[in-house]
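Participant: Attaching a predicted model along with its sequence, questions to come.
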Amino acid sequence: MKPPVVTAVLVVLVQVSQSFPALYHRGWWRLLKEGDSCGKCDLALCSEPKDCLAGTVVDHCGCCSECGNVEGQICDLDQGNHFYGQCGDNLECRLDADEARFGEVPEPQCVCKSQESICGSDGKTYENICQFNKAYATKRNISMKHKGPCESVAKEISIRESLICH
């Protein structure tokens, strides 16, 4: 291919990947955008990440902040690797080979450190603190009411348990 054609193809790939988040691959995008070397850290050159559903982490150069990976997203298990990125707030990168289907290569994913449910001020029960933080990042008008399920869910569980036990 001729250089202008290669450039055009790369531009189209970048635009498509940004239009469809499911196609977005942090590894190749980061290498395309930043290259291989970090250089000297200049905080003035760092852009503030926005709309980070799992909070921010320090980039692989140890200089700027970037969005942390969300629950279920592929991550860098080893701190020495900087391809997929690091997990965000209350998340850890885990490799669970037991959950891989036959023939699949297991990949590390961000998993919430706590699986305790959270009751939000919106009356909704969130599966864990990570799901609550994700909702908070998009809504901002909710707060954590208490740990554990909201009343209506707790009553429903109690009723189900009493029906099963009797």
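Facilitator: Okay, I see it.
Participant: can you list the domain ranges for this structure.
Facilitator: 46-113, 118-160 (the TED database).
Participant: which one of these lies closest to residue 37?
Facilitator: domain 46-113 (8.8 Å; CB to CB). Using the backbone N, CA and C atoms, a C-beta is placed for each residue, glycine as well.
Participant: hmm, back to that, hey, least reliable of the domains of the chain by pLDDT?
Facilitator: Confidence, taken as mean pLDDT, is least for domain 118-160 of the domains of the chain (a mean of 85).
Participant: Relative to residue 38, which of the domains of the chain is closest?
Facilitator: Here domain 46-113 is closest among these (CB to CB), at 3.5 Å.
Participant: follow-up on the earlier one: would you convert the domains of the chain into CSV that also reports mean neighbour count and distance to residue 40?
Facilitator: Output for the domains of the chain, formatted as CSV (neighbours: other CB atoms under 10 Å; distance: least, CB to CB, whole Å):
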stretch, mean neighbour count, distance to residue 40
domain 46-113, 16, 9
domain 118-160, 15, 32
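Participant: check contacts around the closest residue in space to residue 42 that isn't next to it in sequence.
Facilitator: Nearest residue to residue 42 in three dimensions, chain neighbours excluded: residue 63, at 7.7 Å (CB to CB, 6 or more residues apart in numbering). By CB atoms under 8 Å, 6 or more residues apart in numbering, the residues touching residue 63 are 38, 41, 42, 43, 46.
Participant: Which of the residues you listed fall within helices?
Facilitator: Using DSSP state H to define helices, no part of the contacts of residue 63 is located there.
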